[in-house]
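1. fold the stuff below for me.
(chains A and B)
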Amino acid sequence: MTAVTLANAEADPGRRLKALASQEALLAIAVIGLAIAVGLYNPRFLAMRNLSDVLLGNAYIGVAAIGMSMVIISGNIDISVGALIGVLATISGTLAVNGAPIVLAWLAALVAGILVMALQGAIIAYLRIPAIVVTLGMLSILKGGLISVTGGKWITDLPDSFHLADIELFGVLPVPVFLMVLATILAALWMRYSASGRAIYAVGGNPEAARLCGISQPRTIVMVFALHGFFAGAAALLYATQLRVIQSTVPPNLELTIITAAVVGGVSILGGVRTVNKTTLAAILIAEIASALVFIDVSPYWIRAVQGVLILVTVIADILRRRRMARA
Amino acid sequence: MVADAHGHTPPSPLLSVRAIEKSFPGVRALSGVSFDAAKGEVHALLGENGAGKSTLIKIVSGVFPPDRGEVLVEGKPVDLARPDDARRAGIATIYQELLLFPELTVAENIFMGHAPRAGFGQLDWRTMRQRTNALLASLEIHDLQADRVVGSLSVGNRQRVEILRALSQDARILIMDEPTAALTEYDVTRLFDIVRKLKARGVAVIYISHRLDEIFAISDRVTVLRDGAHVATKRVADTDAAELVQLMVGRRIENLFPKITVPIGQPVLEVKGLERRPLTKTVSLTVCAGEIVGLAGLVGSGRSELAQTIFGVMPADGGEIRIAGRKVDIRSPAHARSLGVAYVPEDRGTQGLVRPMTVRENFSLAALGKVAFGGFIDRGAERRLAGDGIMRFAVKTTSLEQIAGKLSGGNQQKIVLGKWLANRPKLLILDEPTRGIDVGAKAEIHRLMGELAAQGLAILMISSELPEVLGMSDRVLVMREGRIAAEFSRAEATQESIGAAMMGSHEDAEKAA
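-> The predicted structure follows:
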C-alpha cells in the first residue's frame, strides 16, 4: 500500500467511474448481445413491435426493483411486494370503476403502498423481527385477502382516462418507459448524493457503527420501506393500466423477478453495497430473456429456472468477491 | 541444535523448530524463527500482537506449511501438511476459542474422531467412559463428570476438557494459545496445577501469553518474537519483566508513550452518581480539558458500559451528567454527538467502521451535518474533510475511494478516530484505542492523543493494557464490579497499585504501601 498523496486521491474518481461504467457496460452488452443472438435465430424477435412490448410490459418491474434495491442495500428483504402490487392495482382499479376522480385512484395506490410498506418497516425496525418473516406474513395476508375480498372477479369497464400506461408524452414517449428512466435517475442521484441515501448504505453495511454515528437505524429502515412502498405503488399503476382488465390475483412469482433484477443489478444481497441504477438494466435483461424464450421455441416456463440461475450466479460471485476482499 | 548465548541447550529437545519463514501476500509474517522445547519443559512465546506468534503455532499445528525451514520431533523432521499430521506427531493445540461441541458430553468431546470401537463399528461407550474417568483422575480433576454436557460447563472446565482431549490422543507436545485470557483467577491457579502435572509427565508445553507474571510463574524458558523475527531466548530465571518488555517492543517503555504535559483546564465531563443497572453503579468522575483520564479494570468490570451510558447508547437510569458545566440528559448517540461527545468503540469491526464503504464515506459518516446542505452531500467539502483526516492521521491508503475494510487494523483505527474528530468534539471517549494494532500505529495513535489533549480536548481512555494506562494518563480510575474502586494520580499509579485495585485486593495493597 502506498501512502496517499492528494494528487492521487483527486485522480481516483475517474478510475472509479470507469469501473462503474464497465459493470454497467457488461449488463448493456448482455442486453444487446442477447437481442442480436435471438434475432439471428428468429428475426421476428427484433421487430420494433416486440422490443417495445417487452420494454413497455416490464417497465413496472424496473420501477419496483428500484425500491427493492434500496431495501436490500439497507440489509433487509421484501417478499410481499408482488402481492402488494396486485392489491394496489385492485384498489386503484376499483376506485376508478366506481367513479372516483382518476387522479385520486392513482394517488390511492401510491399512498396505500407507502402505508403498508412503512408499517412493515416499523415492525421490522422497532420490534426487531427479521424482514423475511414479516414480509412473508404480509405476503400471505395480502394474497389471501385479495382473493377473499374480490372473490376472484376481474375488474373490467375501466374508464379510458385511467390508463396511465397508454399516455405518450409528446406523442412519442410512452409513460411507463419515461417513468422507469426518470425514477432510476432520481433514485440513483438521491442514493449517491443525499445524506439519507448515505444513511441507508451505512445501516446496511454496519448497523452498530451507524447507530454510534447518530444515525437512527429504525427511522432509516422505516424510510426505506416507505420509499419502497411508493415505488411499489407506481409499479402497480403501470401494471394496472397497461391492460383493459385488472385480474384480481397476484402476478405469480413477481417478487422473485423483482428481487432477481435487484440482485443481478449488482446490489449485494448481504446489504450495504452499491448502486441502484444497474437494477433497471437487469430488469430489462430478465424481461428480454423471458421474451426470447418464446422466440426460440422454448417453453416460457423456463424463465423461472433462468431467474434462479441468474440469482445463484450473481450471489456466488458476490460472496467470492467478498471472501477475496476479506483475505486481502 | 538451536540455542543462544543465554539459554543453555537442554539435553533432548522434543520439539525443534528451525529457521521457519512464512510470507503472506504483502506481509512477511516470519523470518527465520527457531526455538526448541525439551521434555517436561514449559517454553513461553512472547511478543506483541502481530509479532508472529499465531503464525508460528499454526505452522507447528499443521494449519499451513512454512515457506522455508523445518519442524523436528525427537530430532526427526516431520511433514506437517495438515492438522492431522501434527496430531499423529503428538502435537496438540488448544486455541483461545475452544473447539468443542456444546451439545455433546465430556466423554464424547474427548474422544470425538478417535472413539474406542466395539464390534461392527459400534462405539464402545463403556471403555470411553472408563478412559475419561482415568484421564480425569490422572489430573486430579474431581468436579467434572464424563457424562456432563459440555455446554453447561464453565470456561475453565471446558478448557480442561480440551486438555484431556489432547492427552487422550497421547499428545507429547501441547501448545496453549493465551489459555488464561478468559479465565478467572481460581481457574488460572488450577490451570497452572495441571500444567505442572503435565510437565512432570514429560509433556513439552508451548505457552503463549501476554501476561508477564504468568510467564514467570509457569515457564522455564521464554522466546521473544518481534515483527516476525526471533529476538531472544532466555531462561526465565535469568531475566526480568523490564528486560522482556524491552525485548518485545524494541525500545524502552518510557520512550513508547510520548506524554506531553499540558495545563489542565475546566471540567468538560462531570458525572455524579450515574446509574445504569446492572453494570453501572453510582459512578462519579470528572474529566477536564487537556486531561487524559485512564480507566482501568478487568474485562466485565463495567468500563465499556459506563462509556456507553455517558454516550447515550444505554441511557442512564439515575444520576447526573454535566458537559462543560451544563446539566444534560443524554438519551441517544445522536444527542451525545450534538453535545460535543465522541466515542471510539472497542470493537472496530462491528461498532466503528462500515467496511464496505470507502475511506471518504467513513470519514464523513459522523459529521454528515458538516458536509451536507439541505440534505445533500457536498462532494467537494466531503473530499476535503476526508483528505484532511488522511493527512492529519497519516492514514496509509491508496486513495479516498479505497474500501475501508481493505486497510490494515491500525489504519482502520485511525479512520474511526478521525471520523469522530471531524466533528470537533469537546470530550473524546476511547475504548481500547490500540487493541490489536501494530506497534508503529500504536505509537502514532498515542502521539495523536497527546496532541489532542494539548489542544484542549478532554479524553477518557479505557484500556486493558497497563503500560498504556500508566504511560498516557494524567489520572487513573480503576473500575471494579460497576463502581470506581480507586483513583490514582499519575505519580501514584504503578502496575502494582492498579493491578491490586482491579483485583479487589487494593485495600490490602494500600496497607502494605
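
2. ok and the residue in chain B nearest chain A?
-> residue B:334 (3.4 Å; C-beta to the nearest C-beta). C-beta: built from backbone N, CA, C; applies to glycine.

3. residue contacts, that residue?
-> Going by C-beta atoms under 8 Å, 6 or more residues apart in numbering or on different chains, residue B:334 touches A:214-216, B:312.

4. what number of residues lie near the closest residue to residue A:73 other than its chain neighbours?
-> Nearest non-adjacent residue to residue A:73, counting by C-beta to C-beta, 6 or more residues apart in numbering or on different chains: residue A:204, 4.9 Å away. For residue A:204, the count of nearby residues is 28 (other C-beta atoms under 10 Å in any protein chain shown).

5. give the rounded mean pLDDT of the host helix or strand of residue A:204.
-> Using DSSP states H and E, residue A:204 sits in helix A:195-205. Mean pLDDT, computed over helix A:195-205, is 89.

6. okay, now residue B:100: neighbour count?
-> By other C-beta under 10 Å, 20 other residues sit near residue B:100.

7. and if you look at residue B:126?
-> Neighbours around residue B:126, by other C-beta under 10 Å: 10.

8. and for residue B:83?
-> Residues lying near residue B:83 (other C-beta under 10 Å) number 16.

9. against residue B:90, how distant is the closest residue to it other than its chain neighbours?
-> Distances taken as C-beta to C-beta, 6+ apart place residue B:62 nearest to residue B:83, at 4.6 Å, with adjacent residues excluded. Counting by C-beta to C-beta, to the nearest Å, the gap from residue B:62 to residue B:90 is 12 Å.

10. same check, this time on residue B:31
-> Using C-beta to C-beta, residue B:31 is found at 27 Å from residue B:90.

11. who's more crowded, these two?
-> residue B:90 (20 against 17).

12. now residue B:207. Its backbone dihedrals?
-> phi -120, psi 120 (degrees, to the nearest 10).

13. for residue B:216, see how far away the residue nearest to it when sequence neighbours are not counted is.
-> Spatial nearest neighbour of residue B:207, excluding adjacent residues (C-beta to C-beta, 6+ apart): residue B:44 at 4.7 Å. Note on residue B:44: its distance to residue B:216, by C-beta to C-beta, is 9 Å.

14. again, but for residue A:226
-> Distance, residue A:226 to residue B:216, by C-beta to C-beta: 62 Å.

15. the more surrounded of these two?
-> residue A:226 (20 against 16).

16. how about the contacts made by the more buried one?
-> By C-beta under 8 Å, 6+ apart, the residues touching residue A:226 are A:114, A:117-118, A:121.

17. mind putting those into CSV with distance to chain B?
-> Below are those laid out as CSV (distance: C-beta to the nearest C-beta, whole Å):
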residue, distance to chain B
A:114, 19
A:117, 21
A:118, 19
A:121, 19
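
18. re earlier: do I have it right that the residue nearest to residue A:73 meets residue A:74?
-> Yes - checked against C-beta atoms under 8 Å, the pair residue A:204 and residue A:74 is within contact range at 4.6 Å.

19. point out where the stretch 201-328 of chain A drops to low pLDDT.
-> A:266-277, A:321-328 (pLDDT under 70).

20. can you map out the helices along the stretch 1-150 of chain A?
-> A:6-41, A:48-73, A:81-97, A:102-126, A:131-150 (DSSP state H, counting those that start in this stretch).

21. can you get me a residue count around residue 296?
-> Just so you know, I chose chain A. Neighbourhood size, residue A:296 [other C-beta under 10 Å]: 11.

22. that's the wrong chain, I wanted chain B
-> The burial count assigned to residue B:296 is 29, neighbours taken as other C-beta under 10 Å.

23. for it, grab phi and psi.
-> Backbone torsions of residue B:296, given as degrees, to the nearest 10, read phi -100, psi 170.

24. same question for residue B:80.
-> With angles defined as degrees, to the nearest 10, residue B:80 sits at phi -110, psi 70.

25. residue B:17 versus that one, what's the distance?
-> Residue B:80 is 11 Å from residue B:17, where distance means C-beta to C-beta.

26. cool, and residue B:502?
-> Residue B:502 is 36 Å from residue B:17, by C-beta to C-beta.

27. ok, those two, which is more surrounded?
-> residue B:17 (24 against 20).

28. sheet partners, orientation included, of the one helix or strand that one maps to?
-> Residue B:17 belongs to strand B:13-24 when assigned by DSSP H and E. Sheet pairing here is set by DSSP bridges, and for strand B:13-24 it gives strand B:27-38 (antiparallel), strand B:68-73 (antiparallel).

29. need those strands in JSON lines (columns: mean pLDDT).
-> As requested, the strands paired with strand B:13-24 are exported to JSON lines (pLDDT from 0 to 100):
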{"stretch": "strand B:27-38", "mean pLDDT": "87"}
{"stretch": "strand B:68-73", "mean pLDDT": "92"}
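
30. most tightly surrounded among the ones you listed?
-> Ranked by mean neighbour count, the strands paired with strand B:13-24 are led by strand B:27-38 with a mean of 20 (mean count of other C-beta atoms under 10 Å in any protein chain shown).

31. alright, calling it a day.
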